[in-house]
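Visitor: Coordinates for the following, if possible.
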Amino acid sequence: MSNRRRVLSVSVAWIAVLVLALAAFAPGLSGGFFFDDNPNIVSNNAIQIEDLTLSSLKGSLQGPTAGPLGRPVSVLSFALTHYFFGLDPFAFKAINLAIHGVNAMLVAWLVALLLRRLRGIQLSENARVWLPVWVAAIWLIHPINVVPVMLAVQRMTLLSGMFMLLALISHLKGISKPPGRAKWGWLAAGWLVFWPLSVLSKETGFLFPLYVLVITLFSGTPAVSVSARQRWVIPAALLSLAVIAAAMVSLLGWSWLDTAYSAREFSLPQRLLTEARVLWFYAAQIVIPDYGAFALYHDDLAISTDILHPTTTLLAVIGWVAVILGILRFRHQQPILCLAAAWFLAGHTLESTILPLEIAHEYRNYLPSLGLLVGVAYLGAAVLQKLRLDHPQMTFSLVAIIPVLVLALFTWLRSDQLANPLVGSQIEAGRHPQSARANYSAALALIQAGYGDAGDPIAGHFVQYYLKQAGAADFSFKLGYVGLIVWSCASGRTVERGWIDELARRLEHTPMSPADADIPDTLLKPLLSMPQCLDRGDAFRLFTAGADNSGANRRLRAKFLEDASTYELLVALDPGQARDLLARASALLPDDQRLRERLEEFELPTRVTGKRRS
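Guide: Residues are numbered from 1 along each chain as shown. Have a look, this model is predicted:
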């Protein structure tokens, strides 16, 4: 095939893939904001700028931070999106999809560079041209990437991925050139421009030196080693990783992990053991996707309490040890397959190891999945080349196209599900009955759609079922019982004594997760508008239970006391008790100016009265 014809064929294929991807993701573009979009975008007044002044853009960075560095590149992109389109979820998602499309083309470029860089690859020239296109197409349209596109806030992942890909491409271009201006220009772009932008979009950008290290270690065979002039790469990558680790320890402190894990229902060793199983789950979903296993929430994955419980933990650990030993043993004979596995593991070293994050999320596979897809593509192409086929061109085309179409169907179904919170949440709760979050979201979707009020006993039964199931699925999950109490108050139903007792127990004795930060306000609002909902003793008990949780951070404990003070002042009409509660809140946060000012408002009448008496 001539070069001109090949370029035309590749261009037509790219257009077809992009059109198919747009069709597959299209249903989800009409959906609303959900999950982490609400605190980071919808309720984040800082990014909702009305003008493009420097002060407005600077102010957009003052909202809630999603990471230790604040992720300013991503936050600025949210602010700019709001300026031009307002709080339109379609605009946020459409921009995400556009970034994802750009990233797919960068993936094709990166894979093409890797195939030229790695030695010992037995592929025809035609396969070398088409394999990067196929990998990029599969990656673009894979259902595991639906959440990072449709969850608006995950633009952080998309932007970090885009700059990471640009950094790796620049690095590969730079090391392939002889010493000179072009070489150092590419390297400077990768290491000094795109890498920092990736980090400032999301902290997963820190993994750039590790990806470079993986590429470098598999760039040669015993016969063809890394050239002498490139030997600086490995020390530079290792030094960068050491500096990053030292900087994080300096910034967060040695005790940070212990403090952070106190808010989780699992320990560091338990998380590491559990992640061994989770990584196999991810790998299976990437290579042989099970549509029913995809989910927005994966909190139904059992925690590995030790190496034998559940028993699959030991098998998972043994499996990864075997993979690592296999990488070391066959790195010269099968460099691309070993690179594929090493890339996947390297991509998970930040979010799937020691950090006290939630156990599993699909968007953590955005770049790590690329490694496994390259390995599958290469293995498939190598096997097909060795078969004596009567119609090789047709066979290759069918083998390439069918997976793309199947994954496009999965992606279309997932996009459609996420676009319809009412139906989608019921589907997800049905597939993941042991997920506390899925059940809670299903109940919330029914309530927000207007179902389950006093005159709707059938829907009310489902609301109550989902909320109870949310509490039963996770013995530290509090929102299920909060939901039962608030929903019962709003719909005129009786609040059961057992719900109050169990919620008080969980508030006082179970870890407070980030999702629990809004519980004080969630309880206070219905109590202010419907004071008959709970008697004073029960309301006081719930607020003080949260305040007495020794594992919770001081700010959340103070918030429980502050809201209890508001309740005592406006509902119980007891300013003395309100003042005492506010004083306790202020004692927890002595540097909080707002709490001190509120406390002074209580003391002012006393001082004025004292003056009059004198």
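
Visitor: And Phe602, how close does it get to Ala564?
Guide: Distance, Phe602 to Ala564, by CB to CB, to the nearest Å: 14 Å. For glycine as for every other residue, the C-beta is placed from the backbone atoms N, C-alpha and C.

Visitor: neighbour count winner among those two?
Guide: Higher neighbour count among Phe602 and Ala564: Ala564, with 29 against 17, using other CB atoms under 10 Å.

Visitor: can you pull the buried residues of the helix or strand hosting that one?
Guide: Using DSSP states H and E, Ala564 falls within helix 554-570. Using 16 or more other CB atoms under 10 Å as the test for burial, helix 554-570 gives 556-569.

Visitor: Next SSE downstream of that helix?
Guide: helix 575-588.

Visitor: Please save the CA atoms from that following helix in CSV.
Guide: The C-alpha coordinates for helix 575-588 follow below in CSV (Å, rounded to 0.1, in the frame of the first residue of the first chain):
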residue,chain,number,x,y,z
PRO,A,575,-30.2,31.2,74.4
GLY,A,576,-28.2,30.0,77.5
GLN,A,577,-27.9,26.5,76.1
ALA,A,578,-27.2,27.9,72.6
ARG,A,579,-24.4,30.1,74.0
ASP,A,580,-22.8,27.1,75.9
LEU,A,581,-22.8,25.0,72.7
LEU,A,582,-21.3,27.8,70.7
ALA,A,583,-18.6,28.3,73.3
ARG,A,584,-17.7,24.6,73.0
ALA,A,585,-17.5,24.9,69.2
SER,A,586,-15.3,28.0,69.6
ALA,A,587,-13.0,26.1,72.0
LEU,A,588,-12.5,23.4,69.4
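
Visitor: State the mean pLDDT of the helix holding Ala564.
Guide: On average, the pLDDT along helix 554-570 is 95.

Visitor: Then stretch 513-530?
Guide: 92.

Visitor: Mind listing what's buried along that stretch?
Guide: Across stretch 513-530, burial judged by 16+ other CB under 10 Å covers Ser513, Ala515, Asp516, Ala517, Asp518, Ile519, Pro520, Thr522, Leu523, Leu524, Pro526, Leu527.

Visitor: which residues touch whatever helix or strand the last one lives in?
Guide: Applying DSSP H and E as the criterion places Leu527 in helix 519-529. Applying CB atoms under 8 Å, 6 or more residues apart in numbering, the set of residues contacting helix 519-529 from outside is 478-479, 482, 485-486, 489-490, 507, 533-534, 539, 542-543, 546, 556, 559-560, 562-563, 566-567, 570-571.

Visitor: please redo it, this time with the cut-off set to 7 Å
Guide: Contact with helix 519-529 is made by 478, 482, 486, 489-490, 533-534, 539, 542, 546, 559-560, 563, 566-567, 570-571, as judged by CB atoms under 7 Å, 6 or more residues apart in numbering.

Visitor: quick one: that helix to helix 554-570, angle?
Guide: 10 degrees (axes from the mean of the first three to the mean of the last three CA atoms, to 10 degrees).

Visitor: Quick check: what element follows helix 519-529 along the chain?
Guide: In the C-terminal direction, the helix or strand that comes right after helix 519-529 (DSSP H and E) is helix 536-547.

Visitor: Any buried residues in that next one, and which?
Guide: Buried, per 16+ other CB under 10 Å, within helix 536-547: Asp538, Ala539, Phe540, Arg541, Leu542, Phe543, Thr544, Ala545, Gly546, Ala547.

Visitor: Out of those, the closest to Gln48 would be?
Guide: Gly546 (29.8 Å; CB to CB).

Visitor: Can you check the pLDDT for the nearest residue to Leu339 once chain neighbours are set aside?
Guide: Nearest non-adjacent residue to Leu339, counting by CB to CB, 6 or more residues apart in numbering: Phe218, 4.1 Å away. On pLDDT, Phe218 comes in at 85.

Visitor: ok, so what distance separates Phe218 from Ala472?
Guide: Counting by CB to CB - Phe218 and Ala472 are separated by 48 Å.

Visitor: what about the two, which has more around it?
Guide: Taking other CB under 10 Å, Phe218 and Ala472 do not tie; Phe218 has more neighbours (25 against 14).

Visitor: Dihedrals phi and psi, that one?
Guide: Here the main-chain torsion angles of Phe218 (degrees, to the nearest 10) amount to phi -110, psi 20.

Visitor: and it, what is it in contact with?
Guide: Taking CB under 7 Å, 6+ apart, we find Phe218 in contact with Leu118, Arg331, Pro335, Cys338, Leu339.

Visitor: State whether the first one and Leu217 are indeed in contact, as I suppose.
Guide: No. Here Leu118 lies out of contact with Leu217, judged by CB atoms under 7 Å, at a distance of 10.9 Å.

Visitor: Which stretches in the stretch 401-550 of the chain count as helices?
Guide: Under the criterion DSSP state H, counting those that start in this stretch, helices of the stretch 401-550 of the chain are mapped to 421-431, 436-448, 457-473, 479-490, 497-509, 519-529, 536-547.

Visitor: Now tabulate those in a markdown table and tack on distance to Gly70.
Guide: Listed next are those as a markdown table, based on distance: least, CB to CB, whole Å:
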| stretch | distance to Gly70 |
| --- | --- |
| helix 421-431 | 29 |
| helix 436-448 | 26 |
| helix 457-473 | 32 |
| helix 479-490 | 27 |
| helix 497-509 | 30 |
| helix 519-529 | 24 |
| helix 536-547 | 28 |
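
Visitor: Out of those helices, which gets nearest to Pro72?
Guide: Closest of the helices of the stretch 401-550 of the chain to Pro72 is helix 519-529, at 27.9 Å (criterion: CB to CB).

Visitor: chain center to that closest one, what's the gap?
Guide: Remark: helix 519-529 is offset 29 Å from the chain centroid, using CA atoms, centre = their mean, to the nearest Å.

Visitor: what angle do it and helix 479-490 make?
Guide: Put simply, helix 519-529 runs at 10 degrees to helix 479-490, going by the same axes, to 10 degrees.

Visitor: pLDDT below threshold where in the protein?
Guide: 1-2, 65-66, 120, 220-230, 388-392, 604-614 (pLDDT under 70).

Visitor: helix or strand for Trp343, which one?
Guide: helix 335-347.

Visitor: Would you mind pulling the contact partners of that helix?
Guide: The contact list for helix 335-347 (CB under 7 Å, 6+ apart) reads 118-121, 207, 210-211, 214, 218, 221, 283, 323, 327, 330-331, 367-368, 370-372, 374-375, 378-379.

Visitor: Dump it to PDB, keeping only the CA atoms.
Guide: Taking Å, rounded to 0.1, in the frame of the first residue of the first chain, the C-alpha atoms of helix 335-347 are listed here in PDB:
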ATOM      1  CA  PRO A 335       9.500  -6.100  26.100                       C
ATOM      2  CA  ILE A 336       6.200  -4.800  25.000                       C
ATOM      3  CA  LEU A 337       4.100  -7.300  27.100                       C
ATOM      4  CA  CYS A 338       6.200  -6.600  30.100                       C
ATOM      5  CA  LEU A 339       6.000  -2.900  29.500                       C
ATOM      6  CA  ALA A 340       2.200  -3.300  29.300                       C
ATOM      7  CA  ALA A 341       2.000  -4.900  32.700                       C
ATOM      8  CA  ALA A 342       4.500  -2.600  34.300                       C
ATOM      9  CA  TRP A 343       2.700   0.500  32.900                       C
ATOM     10  CA  PHE A 344      -0.600  -0.600  34.400                       C
ATOM     11  CA  LEU A 345       1.000  -1.200  37.800                       C
ATOM     12  CA  ALA A 346       3.000   2.100  37.600                       C
ATOM     13  CA  GLY A 347      -0.200   4.000  36.900                       C
END
